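Novice: based on what follows, work out the 3D shape:
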Amino acid sequence: MKCNTTIIQILFLFNVCLATLSPPEKKTNKGIKPQEGARKNNVLDRKLVVETPYVKDIIKYHATYHQDTALKNFKNQVLGYVTPWNSKGYDVAKTWAPKFNYISPVWLQIKRQSPNIYIISGLHDVDHAWMKSVKQKGSQSNLKILPRLLFENWQPSDLKAFFIEPTAHTEQKALIDEVKKACKQWKFDGIVLELFSQIGKYIDKSVKFIQNFGLGMNEDALKLILVYPPFRAYPSDEFFIQALNEIYPYVEAVSVMTYDFSNPQKPGPNAPLFWMRLCIEKLIDNDDNPEKRSKILLGLNFYGNSYTANGGGPIVGTEYIELLKNAKTNQALTYNNNTAENYIEVRTSQGAKKIFFPTLYSIQKRLDLAREYGTGVAIWELGQGLDYFYDLL
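Specialist: Numbers count the residues shown, from 1 in each chain. The predicted structure is shown next:
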């Protein structure tokens, strides 16, 4: 009997040792239930704007926001883009309308159909009820709705006729008149024009057209905002730096695309702060003119990227939160001082992923940069980010 007791005790101790030496199970954040809705205090008062936030806090609080959605913390100009393929952006624009000066729904394209005949497509996406609601809620900031208008699929012959042939002036006037007509008919306050990505070698012919466009829109109390490329050390960069001096007096603002610094072929930060600063400094070109500075809208990405060994690509807030649930409990995001961005690496059923996504802290650093130089911001795009981001605006 004593022998049997000794054997049982040895077996018990052996099992205890095995249990002690077994690797602990990696706990994840999948059990955290996000809180939602309005709160009495904003994210600054709630001490959520920190350099290295915990994953569990992002998951728990990302869908909460300050109950006073009209309170502006960022006093400079703010433009927000909305796209038909991301319907949450429409709700964001309504909820936080007082924080915006301009809302730009990505609706419209313009093509040259024949000499002096221009067709605007995309008008089927126009939502008058939504526009009315947004403008009513944004009345205290005198919010304007300016749909984005893209030069789309222009043929070389169209570009040549528009920019360099003897009839170019009448062609340009026909386009401007068509845009003004659409603005009046559909009750737009103007447009955000994107043309540089489509006109190739004719960019040096575009300045006079933009000046005339701005003058023509101004005659009818309509606004023109111009989408502008960031500094990338391309040969064309010097043109854009100099052209801004000739353009800014004629436009409401320029929306600078300071995002997409990295890509799946060259994974990394979305928009390093040092690069955004360089883009501003190149554009202001040592000019202390406050009007010029105020017309620069620094692009802010509210989306991120998830990279894998095989590539990866852009992600929006809902995807980001799901990915974060794979992180370990109490894991904090890593912060890079040079880029002023956070990132995290997680293991998923599809393999390891390195994720770059804006945080409250990284957004605040960029808003501080805009304050420092007296510029505004342009957000691409509303609905892609997390609800508590809007407390900072």
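Novice: drop to CA atoms for contacts and neighbour counts, all remaining ones
Specialist: Will do.
Novice: how about the strands in the stretch 101-250 of the chain?
Specialist: All strands of the stretch 101-250 of the chain, identified by DSSP state E, counting those that start in this stretch, fall at 102-105, 108-114, 117-121, 144-145, 148-151, 190-194, 223-228.
Novice: and the angle for the longest one with strand 190-194?
Specialist: It refers to strand 108-114. Interaxial angle, strand 108-114 versus strand 190-194 (axes from the mean of the first three to the mean of the last three C-alpha atoms, to 10 degrees): 70 degrees.
Novice: deepest-packed of the strands of the stretch 101-250 of the chain, please.
Specialist: Among the strands of the stretch 101-250 of the chain, ranked by average contacts under mean count of other C-alpha atoms under 10 Å, first place goes to strand 102-105 (a mean of 27).
Novice: then it to CSV, C-alphas only?
Specialist: What follows is strand 102-105, C-alpha atoms only, in CSV (Å, rounded to 0.1, in the frame of the first residue of the first chain):
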residue,chain,number,x,y,z
TYR,A,102,-15.6,71.6,-47.1
ILE,A,103,-17.0,68.1,-47.9
SER,A,104,-16.0,66.6,-51.3
PRO,A,105,-18.1,63.6,-52.4
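Novice: next SSE after the least confident helix or strand in the chain by mean pLDDT?
Specialist: Of all helical and strand segments in the chain, the minimum by mean pLDDT, DSSP states H and E falls on helix 2-21, at a mean of 42. Sequence-wise, the next helix or strand downstream of helix 2-21 (DSSP states H and E) is strand 36-39.
Novice: each with direction, which strands does that following strand pair with?
Specialist: Note on strand 36-39: by DSSP bridges, its sheet partners are strand 63-66 (parallel).
Novice: and the partner strand, average pLDDT?
Specialist: Averaged over strand 63-66, pLDDT sits at 98.
Novice: residues contacting it, please?
Specialist: Here strand 63-66 makes contact (C-alpha atoms under 8 Å, 6 or more residues apart in numbering) with 34-43, 386-388, 390-391.
Novice: what about 6 Å?
Specialist: Strand 63-66 is contacted by residues Glu36, Gly37, Ala38, Arg39, Asn41, Asn42, Asp387, Tyr388 when judged by C-alpha atoms under 6 Å, 6 or more residues apart in numbering.
Novice: wait, what's in contact with Val255?
Specialist: Actually, residue 255 is Ser rather than Val. Counted by C-alpha under 6 Å, 6+ apart, Ser255 has contacts Val227, Tyr228, Leu297.
Novice: repeat that for 7 Å
Specialist: Ile225, Leu226, Val227, Tyr228, Ile296, Leu297, Leu298, Gly299, Ala378 (C-alpha atoms under 7 Å, 6 or more residues apart in numbering).
Novice: am I right that it falls within a strand?
Specialist: Yes. Counting by DSSP: H, G, I helix; E, B strand; the rest coil, Ser255 is found in a strand.
Novice: with pLDDT added, can I get the contacts of strand 63-66 in JSON lines?
Specialist: As requested, the contacts of strand 63-66 are exported to JSON lines (pLDDT from 0 to 100):
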{"residue": "Glu36", "pLDDT": "97"}
{"residue": "Gly37", "pLDDT": "97"}
{"residue": "Ala38", "pLDDT": "98"}
{"residue": "Arg39", "pLDDT": "98"}
{"residue": "Asn41", "pLDDT": "98"}
{"residue": "Asn42", "pLDDT": "97"}
{"residue": "Asp387", "pLDDT": "98"}
{"residue": "Tyr388", "pLDDT": "98"}
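Novice: so what pLDDT did Gln172 get?
Specialist: Value for Gln172, per-residue pLDDT: 98.
Novice: count the neighbours of it for me.
Specialist: If you count neighbours by other C-alpha atoms under 10 Å, Gln172 ends up with 20.
Novice: next, the contact list for the closest residue in space to it that isn't next to it in sequence, please.
Specialist: Nearest residue to Gln172, sequence neighbours excluded (C-alpha to C-alpha, 6 or more residues apart in numbering): Phe162, at 6.3 Å. Neighbour list for Phe162: Ala168, Glu171, Gln172 [criterion: C-alpha under 7 Å, 6+ apart].
Novice: what do you get if the cut-off is 8 Å, keeping everything else the same?
Specialist: By C-alpha under 8 Å, 6+ apart, the residues touching Phe162 are Ala168, His169, Glu171, Gln172.
Novice: try Lys30
Specialist: Contacts of Lys30 by C-alpha under 8 Å, 6+ apart are Lys325, Asn326.
Novice: next one: it from Lys60, what distance?
Specialist: 11 Å (C-alpha to C-alpha, to the nearest Å).
Novice: then Lys160?
Specialist: 55 Å.
Novice: and if you look at Arg232?
Specialist: Applying C-alpha to C-alpha, the value for Arg232 to Lys60 is 38 Å.
Novice: next: Ile103.
Specialist: 29 Å.
Novice: ok, Asn101 next?
Specialist: Applying C-alpha to C-alpha, the value for Asn101 to Lys60 is 30 Å.
Novice: for the closest residue to Ile355 other than its chain neighbours, helix, strand, or coil?
Specialist: Spatial nearest neighbour of Ile355, excluding adjacent residues (C-alpha to C-alpha, 6+ apart): Ser306 at 4.4 Å. Counting by three-state DSSP, the backbone at Ser306 sits in strand.
Novice: measure Ser306 to Glu341 for me?
Specialist: Taking C-alpha to C-alpha, one finds Ser306 at 14 Å from Glu341.
Novice: no further queries at this time; thank you.
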